[in-house]
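Asker: Just need the structure, nothing else, for what follows:
(2 chains)
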Amino acid sequence: MTLTRAMNLARILTLGLAFGLVAVSLLAAETAGPEEIRARMKANLPAIDKLKQAGKVGENRRAYLEARTELSETEKRLIKTENEDRKAVYQILADRAKATLESVEATRAAQIRERSASGLWLQDPEGNWYRKPSAPPARSP
Amino acid sequence: MGMKTMLLFLVLILPLTGCLTVKTDPIRVEPIEITMNVNLRVVRELDAFFGDLDAASPLMQAPVAATQTP
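Answerer: This next block holds a predicted model:
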């Protein structure tokens, strides 16, 4: 009788410990620090650049990636991860700068429009998609 | 006669009352300053985080040095 009770208690404790471990690992995954996110973004950068250069994805007016053509499942997963990372970063930066998430997104989108190479898909603040034109040649005096 | 004096007094006083209501101009400047400070902080934070990433991408120009200074 006592042995059965002890075994039940051990089972409950083991189950509790397992649930606790799962919960902690999920929480850790949710609250990845900015450096961890930056490292992942840097690792994903070549693949994302490839998609951007191929015209498969563009940068929208809220500074997230958006598909411009049909994407494979792997490509969709990559875009989803990148956008989740970006959102987490924008929120961290908004908290640091005491600004809203929307203002950080809009400011980053403006930076991306300004800094992007020609030929890439971009969305203007009004929501219109366009390919960035090549810079006009410098005029000689 | 008393009425005319009163009218004259009113005519002289009325333009002066307009001068008493001009004191709200500096208040309108503050929100603009706050917005500018917040925008500068946002740009600084964005450049601090994405500066390396933008520099590492051949499809992006690196941020201008002036915006990276604290």
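
Asker: element containing residue A:122?
Answerer: Using DSSP states H and E, the element containing residue A:122 is strand A:121-123.

Asker: Is that strand positioned near chain B?
Answerer: No - Strand A:121-123 stays clear of chain B (Cβ under 8 Å from any Cβ of the partner chain), getting no nearer than 11.3 Å. Every C-beta, even on glycine, is put in place using the N, C-alpha and C of the backbone.

Asker: Helix or strand next in line after the lowest-mean-pLDDT helix or strand in chain A, which one?
Answerer: Ranking every helix and strand in chain A by mean pLDDT, DSSP states H and E puts helix A:2-30 at the bottom, with a mean of 63. Of the helices and strands lying after helix A:2-30 in sequence (DSSP H and E), the nearest is helix A:34-53.

Asker: neighbouring contacts of that next one?
Answerer: Applying Cβ atoms under 8 Å, 6 or more residues apart in numbering or on different chains, the contact partners of helix A:34-53 are A:32, A:57-59, A:65, A:71, A:75, A:78-79, A:81-82, A:85-86, A:88-89, A:92, A:119-121, B:49, B:52-53, B:56-59.

Asker: If you count neighbours, what's buried in the helix or strand encompassing residue A:80?
Answerer: Using DSSP H and E, residue A:80 sits in helix A:73-97. Using 16 or more other Cβ atoms under 10 Å in any protein chain shown as the test for burial, helix A:73-97 gives A:75, A:78-79, A:82-83, A:85-90, A:92-94, A:96-97.

Asker: pLDDT value on residue A:55, please?
Answerer: pLDDT, residue A:55: 97.

Asker: residues in contact with it?
Answerer: For residue A:55, the contacting residues are A:68-69, A:119-121, A:131, by Cβ under 8 Å, 6+ apart.

Asker: Most widely separated two among those?
Answerer: Maximum pairwise distance in the contacts of residue A:55, criterion Cβ to Cβ, is 14.8 Å, between A:69 and A:119.

Asker: so what's residue A:117 up against?
Answerer: Residue A:117 touches A:132, B:58-61, counting by Cβ under 8 Å, 6+ apart.

Asker: do that again at 7 Å, thanks
Answerer: With contact taken as Cβ atoms under 7 Å, 6 or more residues apart in numbering or on different chains, residue A:117 is in contact with residue B:59.

Asker: Where do the helices of chain B begin and end?
Answerer: Remark: helices assigned in chain B by DSSP state H are B:2-19, B:29-56.

Asker: and chain A, which of the ones you listed is closest to it?
Answerer: Chain A sits nearest to helix B:29-56 of all the helices of chain B, at 3.8 Å, using Cβ to the nearest Cβ.
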